[in-house]
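1. no FASTA, just this:
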């Protein structure tokens, strides 16, 4: 059964705006993405999605954990980060259409943080704000059936995936299939759904916008609960995606440093090349700057050279 919502003029306008930005961002970012920028965006995503749930660690602390450092006095927060890093590292292993994959992701995300991770809840739950009960989730014996219907809707409904991913996010929050970890799973799975058609979403830290205005996020959820359909939440989340893509486009216009260019060139996998090949990747780079980059790569023992003068060629050593 299709979840209840209405495709409003606001939703149609946002879908059109996002679609334009997807094309531009993909052309800029996926063609010339910096591994350093990708890593930074992944850390932003993890810090923000955990911060929404009360994790106290900063981006620099998340990065320290990613680098293998141990933070004293933050046992649970650190475990949440370690689990999230492991989850996002295995991004390509998950099938967004399969409930078994969904449960496997929850197991990885919540291992060591709750009893029976990777299993749907077996008791009723209510959501509170302070001392106020704001939402009573469906009975536990309906959870599996409701989730199966949700996956079937995402797979088979003809509406745009941009809309369906928002519906999935809201319905997951409404069903509340787990005793813990529902919010971070909703955000992760929406990114995963979108990335299968638009790979740019793997690198889009839209969670940072949610984290910066959490009251709006929870208000959109509550408004959808009140009216009995996900339309307000769809409008809110599409606005978040639109703003996040706009921010990413601003980032893509930043000039890469010498080190970032070398790092990216090694990343794309060309093992034997000339200066002209290097300039074909960085089209706006002058011959002098390209030569300086390559000299730096040789100094750092990242490249070796053979041939002379205009016939000089380079080999990647790492």
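-> Okay, I see it. Remember, predicted model here, so these are calculated numbers, not experimental data.

2. Run a quick check on residue 143 versus residue 172, I expect a contact.
-> No. When contacts are counted by Cβ atoms under 8 Å, residue 143 is not listed as touching residue 172 (10.8 Å). Bear in mind the C-beta positions are built from the backbone N, C-alpha and C, glycine included.

3. Distance from the chain centre to the helix or strand bottoming out on mean pLDDT in the chain, please.
-> Lowest mean confidence among the helices and strands of the chain (mean pLDDT, DSSP states H and E): strand 126-129, at a mean of 73. Average the C-alpha atoms of strand 126-129, do the same for its chain, and the two points are 27 Å apart (Cα atoms, centre = their mean, to the nearest Å).

4. burial measure for the residue nearest to residue 91 when sequence neighbours are not counted, as a count.
-> Ranked by Cβ to Cβ, 6 or more residues apart in numbering and with sequence neighbours excluded, the top spatial neighbour of residue 91 is residue 202, at 6.4 Å. Per other Cβ atoms under 10 Å, the neighbour tally for residue 202 reads 19.

5. buried set for the least confident helix or strand of the chain?
-> Neighbour counts over strand 126-129 (16 or more other Cβ atoms under 10 Å) mark residue 127 as buried.

6. What pairs with the helix or strand that comes right after that strand, parallel or antiparallel?
-> Later in the chain than strand 126-129, the nearest helix or strand by DSSP states H and E is strand 132-136. In the sheet, strand 132-136 lines up against strand 126-129 (antiparallel) (DSSP bridges).

7. Name the residues that touch the strand it pairs with?
-> 133, 134, 135, 136, 137, 176, 218 (Cβ atoms under 8 Å, 6 or more residues apart in numbering).

8. any idea how far residue 318 is from the residue nearest to residue 91?
-> When distance is defined by Cβ to Cβ, to the nearest Å, residue 202 is 24 Å away from residue 318.

9. try residue 9
-> For residue 9, the distance to residue 318 - Cβ to Cβ - is 52 Å.

10. do residue 137 as well
-> The separation that residue 137 has from residue 318, given Cβ to Cβ, amounts to 50 Å.

11. Compare the two (neighbour count), which wins?
-> Higher neighbour count among residue 137 and residue 318: residue 137, with 19 against 8, using other Cβ under 10 Å.

12. before we move on, back to that, can you put the contacts of strand 126-129 in JSON lines and add distance to residue 231 and pLDDT?
-> Shown next, in JSON lines, are the contacts of strand 126-129 (distance: Cβ to Cβ, whole Å; pLDDT from 0 to 100):
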{"residue": "133", "distance to residue 231": "24", "pLDDT": "71"}
{"residue": "134", "distance to residue 231": "19", "pLDDT": "74"}
{"residue": "135", "distance to residue 231": "17", "pLDDT": "75"}
{"residue": "136", "distance to residue 231": "21", "pLDDT": "85"}
{"residue": "137", "distance to residue 231": "20", "pLDDT": "85"}
{"residue": "176", "distance to residue 231": "20", "pLDDT": "95"}
{"residue": "218", "distance to residue 231": "16", "pLDDT": "93"}
